[in-house]
Every structure is written in structure tokens, then in C-alpha cells.
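Asks: no sequence for this one, just the structure:
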């Protein structure tokens, strides 16, 4: 299953719920620190137009949807979405599928238990840095599939493993 297609887009933004939601649901089911999240309340968007911030490379952005737009989308017959995860196609195009799954994990971690947007505990989440390495998203960097049965943070992090705070 391809998370993000590397094709030319008809629009600048694409809703990609059908591709991303099943992956998000699998991550939420597997990782206890994500189990407060409802994947069906997230609008997944692929941004073909921008590459994020000009000062640093941005892979994705997670944000809350304003109550006004939640209500408008609902009135248009859509689900009630409370968050968006926007993935920047230009900066993620060279990532492999395992890296894209890790990116989705990282963005889901930003959604706090009360729906707030969390800031990572260090430059990135401790598990991601110590388990996948500082350059986990570089094209030549190998990255395990976080959904594989034998993969968990305790194995990936070894001596650096710490229980996630929001259990």
C-alpha cells in the first residue's frame, strides 16, 4: 500500500484519508501512547504546493481545526474533524514507506490527550530519535516498519528505552 503517491497532482491539496487513516488506526492500536486518538477525527491532507518552512525542512504539520471549520465541514456532510495532519509531498517524496509510517507516528504523537497540540520533548520525540536515529527520514537511512509485529520501542531503543509519559 502506497501512503503517498509521487505523481503530479490536479490540485494543490489532496484529502488522503483513505490511504492514511488505516495506517493511523494500526499505529493507534499498536502503540499505547497513541490510544487516546480517534483517527476518524483527523483530516489527512497531502500538500503538493508548499514545502513547508523555508528556514528548515518540514515533513508534516499537525494542527487543530477551528470550531468554525469543524462545523462548516459537518454541515457540508463531512465528518466532524478536529485535527489535520498535513504532509508536504515535496519534502517526503524520497522517503520509503517505512519512513512515511514513522512520520505518521511522529505526527500522531503531537495530538495530546485533551486534543491539544504537543511539542516534542526534545528536537523530536525521544523514541523516534533514540529508536530510529537522528536522520531517520533521510532517503539513504534504513528505517524499520513500526507496524511490523516484532518491532517495538523497547527493542529499537535498547538501553535508552523510557516508558512514554502519556500512557
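Replies: In hand now; what should we look at? A quick note: this is a predicted structure, and the numbers were derived from the prediction, not measured.
Asks: Pull the contacting residues for the nearest residue to residue 21 once chain neighbours are set aside.
Replies: Distances taken as Cβ to Cβ, 6 or more residues apart in numbering place residue 39 nearest to residue 21, at 5.2 Å, with adjacent residues excluded. C-beta coordinates here come from the backbone N, C-alpha and C atoms, glycine included. By Cβ atoms under 8 Å, 6 or more residues apart in numbering, the contact list for residue 39 reads 21, 24, 25, 28.
Asks: Contacts only, for the third one.
Replies: Yep, that's residue 25 we're talking about. residue 39.
Asks: so where does residue 26 fall, helix or strand?
Replies: Using DSSP states H and E, residue 26 maps to helix 17-30.
Asks: what's the offset of that helix from the middle of its chain?
Replies: When distances are taken as Cα atoms, centre = their mean, to the nearest Å, helix 17-30 is centred 10 Å away from the chain's centroid.
Asks: What are the buried residues along that helix?
Replies: Residues 17, 19, 20, 23, 24, 27, 28, 30 are the ones in helix 17-30 that count as buried (16 or more other Cβ atoms under 10 Å).
Asks: can you give me the angle the helix or strand that it is followed by makes with helix 17-30?
Replies: Next along the chain after helix 17-30, taking DSSP H and E as the criterion, comes strand 42-47. Counting by axes from the mean of the first three to the mean of the last three Cα atoms, to 10 degrees, strand 42-47 points 130 degrees away from the direction of helix 17-30.
Asks: Who does strand 42-47 pair with, and is each partner parallel or antiparallel?
Replies: Paired with strand 42-47 in the same sheet, following DSSP bridges, are strand 13-15 (antiparallel), strand 83-88 (parallel).
Asks: Name the surrounding residues that touch the worst-scoring helix or strand of the chain on mean pLDDT.
Replies: Ranking every helix and strand in the chain by mean pLDDT, DSSP states H and E puts helix 67-75 at the bottom, with a mean of 88. The contact list for helix 67-75 (Cβ under 8 Å, 6+ apart) reads 43, 65, 79, 80, 81, 82.
Asks: mind checking the end-to-end distance for stretch 129-148?
Replies: In stretch 129-148, first residue to last residue: 19 Å (Cα to Cα, to the nearest Å).
Asks: May I see the buried residues of it?
Replies: By 16+ other Cβ under 10 Å, the buried positions in stretch 129-148 come out as 129, 130, 131, 132, 136, 137, 143, 144, 146, 147.
Asks: again, but for stretch 118-128
Replies: By neighbour count on 16+ other Cβ under 10 Å, the buried set for stretch 118-128 is 124, 125, 126, 127, 128.
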